[in-house]
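> when you get a sec, could you give me coordinates for this:
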Amino acid sequence: MFNNKTLGTIVGVVMLIALVVSCAPAAPPPEPTTPPATTPPEEPTAPPEEPTAPPEEATATPEPAPTATPEPEPTAAPEPITLKLWKYASRMPNQALWVEEMIDLYMEENPHITIIYEEFPFATYGMEALPTAFAAGEAPDVFWGTNTHIRHFYEEGVLLPLDDYLSEDFIDDLLPDVLDSVTYAGHIYSIPFEVDITGIGYRADLWEEAGLTEADIPETWDQLIDVATRLTTADHYGIYLAPSATEHAVWQFVSWVWMGGTDIVDKDLTTTDYDSQGTVDALTLWGDLMNVHKAMVPSPLGIGEALGTGKAVMEFCASAHVGIFDQAYPEMKDTMRVFPLPLPEGEARAEYYTVYGGFRLGVSSHSEHPEEAAKFAAWLMAEDPARPTKWITWARPSMSPRASVRETPEYQEMLQDPRMADFMPMLPSGRTQLDAPAEIANAVIESMQGVLYGGISPEEAAATGEAEIQEYLDSR
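Numbering: from 1, shown residues only. Modelled structure (predicted):
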């Protein structure tokens, strides 16, 4: 039997064990023998995070997300522009056809531009139409002009310099003398595209009818007078030199003055040497042919008309006359030949001087659209050589100041024409036509008219002409 004391001890031990057991962690449940059923995860409510970069790229800056390129806003159509293009009228129909073709092409490439093309009679184009339009503030935007026209309008301050519209390739393409002739104060004021070489054209059929041969081709002024006199009959005159009061007549006359050793005026327009023996001799030659020997046609005719109609056997002409004869007088195509200008005897220059003719493109600085006008002029004659090549070989056959044009097959084929071949030996002797404004050209015209029709002596005409030229030079 347990006594009370022993029983109490037992009870205390039991209670202590129970307390220890209740405070100990619960034993883990036994591992199941089969996997427990899995519950599908809930759909995420937010987009998953971007994948974490690999550890070696952890410090790299992430690429920015691409942004959409905004659509460009539509550009407004260019404002409509109208340009005026002026040119002299020609009896070579291919010229107008070429111009109209080029205008159509340009307007097709530039639909916002309209070009209005106008032609004027050759005899009044440079002396009346152009200066009147500029004086009235109604000048064309782009126009055909000679050296005289270009110089006159340059002096008036109404021409646009074209340097910014012409490429270096075009400038390098030009003959140096021609480039110099269109450059004033270091700037280019017109676009040259043709060069006319001058000489004496003659009708080989009428020459032979008069019993002349190639041995009779004159080499001096005295011989020219003799041959012209022998060729003069009741049916035709011996020679035609333009006696008209026009710049065309001045263009012809200056060659004879130059051959006599005289420069009418220097390029800087500071001095004149018009009252000199060279001028007197040239005026005497022309006056004697018309009034003493009666061997020169006494009234003005159209370009090429004297030879084309047989009114004269010889005519001062240029390489461009070949196109006139082919297009206006095709029946005489095989009868025209050319010889160099005869030289004066005595104290003449050792070399003779033929005058380079031809036109240039000018742009009015008073145009409402000068930039567009200059771009059109450059496109027409200073960019793709194909355009001026067609002009110089088809529309108005002559010589080109551009090397790239002279190298084309079309140009080389044109030179096979024996009439063009006749002109080629004269090329080294040429110089550009009178580079002077209208006031100086008018003084030359008055001296010529005075001798031919006014009964004034060559000496008096030369002196009066120089006084008028000097008066203009002093007024500048």
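> hey, let's count contacts and neighbours off CA atoms from now on
Will do.
> tell me the buried residues in stretch 255-273?
For stretch 255-273, burial by neighbour count (16 or more other Cα atoms under 10 Å) applies to 255-265, 269, 271-273.
> hang on, residue 148 packs against residue 432?
No. Counting by Cα atoms under 8 Å, residue 148 stays clear of residue 432, with 10.6 Å between them.
> and residue 249, that one's in a strand?
No. Using DSSP: H, G, I helix; E, B strand; the rest coil, the assignment for residue 249 is helix, not a strand.
> now it: how far from residue 433?
Here the criterion is Cα to Cα, to the nearest Å. By it, residue 249 lies 12 Å from residue 433.
> among the two, which residue is more densely surrounded?
More crowded of residue 249 and residue 433, by other Cα atoms under 10 Å: residue 433, with 21 against 18.
> all the strands of the protein, residue numbers only.
In the chain, the segments counted as strands under DSSP state E are 81-88, 113-120, 142-145, 183-184, 187-188, 191-192, 198-203, 237-240, 312-318, 336-339, 354-356, 360-363, 430-432.
> just how off-centre is the second one within its chain?
Here the centre of mass of C-alpha atoms in strand 113-120, compared against the chain's by Cα atoms, centre = their mean, to the nearest Å, lies 17 Å away.
> mind giving me the packing neighbours of that strand?
Here strand 113-120 touches strand 81-88, helix 93-109, going by 3 or more Cα pairs under 8 Å, 6 or more residues apart in numbering; DSSP states H and E.
> now do the buried residues in the last one.
Translated: helix 93-109. 94, 95, 96, 98, 99, 103, 106.
> how about CSV for those, with pLDDT and distance to residue 220 added?
Converted to CSV, the buried residues of helix 93-109 look like this (pLDDT from 0 to 100; distance: Cα to Cα, whole Å):
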residue, pLDDT, distance to residue 220
94, 94, 37
95, 96, 36
96, 96, 39
98, 98, 40
99, 98, 41
103, 98, 47
106, 98, 49
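> a markdown table for those residues, including distance to residue 375?
Converted to a markdown table, those look like this (distance: Cα to Cα, whole Å):
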| residue | distance to residue 375 |
| --- | --- |
| 94 | 24 |
| 95 | 21 |
| 96 | 21 |
| 98 | 19 |
| 99 | 16 |
| 103 | 13 |
| 106 | 11 |
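> tell me the one among the residues you listed nearest to residue 462.
residue 95 (37.7 Å; Cα to Cα).
> show me what contacts that closest one?
By Cα atoms under 8 Å, 6 or more residues apart in numbering, residue 95 lies in contact with 391, 395, 396.
> if you set the cut-off to 10 Å instead, what comes out?
By Cα atoms under 10 Å, 6 or more residues apart in numbering, the contact list for residue 95 reads 87, 89, 101, 323, 391, 392, 394, 395, 396, 397.
> pretty sure the last one contacts residue 323?
So the one you mean is residue 397. Yes. Residue 397 is within contact range of residue 323, at 5.4 Å (criterion: Cα atoms under 10 Å).
> hang on, residue 294 packs against residue 237?
Yes. Between residue 294 and residue 237 there is a contact at 8.0 Å, judged by Cα under 10 Å.
> more neighbours: these two, which one.
The neighbour comparison of residue 294 against residue 237 (other Cα under 10 Å) goes to residue 237, with 24 against 17.
> skipping adjacent residues, who's closest to the more buried one in space?
Using Cα to Cα, 6 or more residues apart in numbering and skipping residues adjacent in sequence, the residue nearest residue 237 is residue 312, 4.5 Å away.
> report how many residues lie close to that neighbour.
Using other Cα under 10 Å, residue 312 has 27 neighbouring residues.
> could you number the chain from 13 rather than 1 from now on?
Sure, I'll start numbering at 13, so the last one becomes residue 324.
> pLDDT below threshold where in the chain?
13-86, 358-364 (pLDDT under 70).
> cutoff 50 now
Within the chain, the segments meeting pLDDT under 50 span 13-72, 360, 362.
> how does it divide into domains?
Residue ranges for the domains of the chain, per automatic domain parsing: 93-207+369-434, 210-368+449-487.
> now those domains in CSV, with distance to residue 87?
Converted to CSV, the domains of the chain look like this (distance: least, Cα to Cα, whole Å):
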stretch, distance to residue 87
domain 93-207+369-434, 14
domain 210-368+449-487, 46
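> so which of the ones you listed is nearest residue 440?
That would be domain 210-368+449-487 among the domains of the chain, by Cα to Cα, at 8.9 Å.
> neighbours around the closest residue to residue 126 other than its chain neighbours, how many?
Once flanking residues are discounted, residue 126 sits nearest to residue 94: 4.7 Å by Cα to Cα, 6+ apart. When neighbours are defined as other Cα under 10 Å, residue 94 has 14 of them.
> quick one: contacts for residue 94?
Going by Cα under 10 Å, 6+ apart, the list of residues near residue 94 reads 124, 125, 126, 127, 128, 153, 380, 381, 384, 385.
> repeat that with 6 Å
The contact partners of residue 94, taken as Cα atoms under 6 Å, 6 or more residues apart in numbering, are 125, 126, 127.
> leaving out chain neighbours, which residue sits closest to the first one?
Spatially, and ignoring its direct neighbours in sequence, residue 125 is nearest to residue 93 (4.8 Å; Cα to Cα, 6+ apart).
> surely the one you found is in contact with residue 123?
No. Using Cα atoms under 6 Å, residue 93 is not in contact with residue 123; the gap is 9.4 Å.
> neighbour-wise, which of those two wins?
residue 93 (15 against 12).
> and the gap between that one and residue 172?
For residue 93, the distance to residue 172 - Cα to Cα - is 18 Å.
> do the same with residue 469
Separation of residue 469 from residue 172 (Cα to Cα) stands at 42 Å.
> tell me which of these two has more neighbours.
Using other Cα under 10 Å as the criterion, residue 469 and residue 172 rank with residue 172 on top: 23 against 16.
> what sits against that one?
375, 376, 377.
> my read is that the last one contacts residue 171, right?
Right, the one you point to is residue 377. Yes. At 4.9 Å, residue 377 and residue 171 qualify as touching, with contact defined as Cα under 6 Å.
> list phi and psi for the nearest residue to residue 293 once chain neighbours are set aside.
Spatially, and ignoring its direct neighbours in sequence, residue 293 is nearest to residue 272 (7.0 Å; Cα to Cα, 6+ apart). Residue 272 adopts backbone torsions of phi -80, psi 0, taken as degrees, to the nearest 10.
> over to residue 413?
According to degrees, to the nearest 10, residue 413 has phi -80, psi 0.
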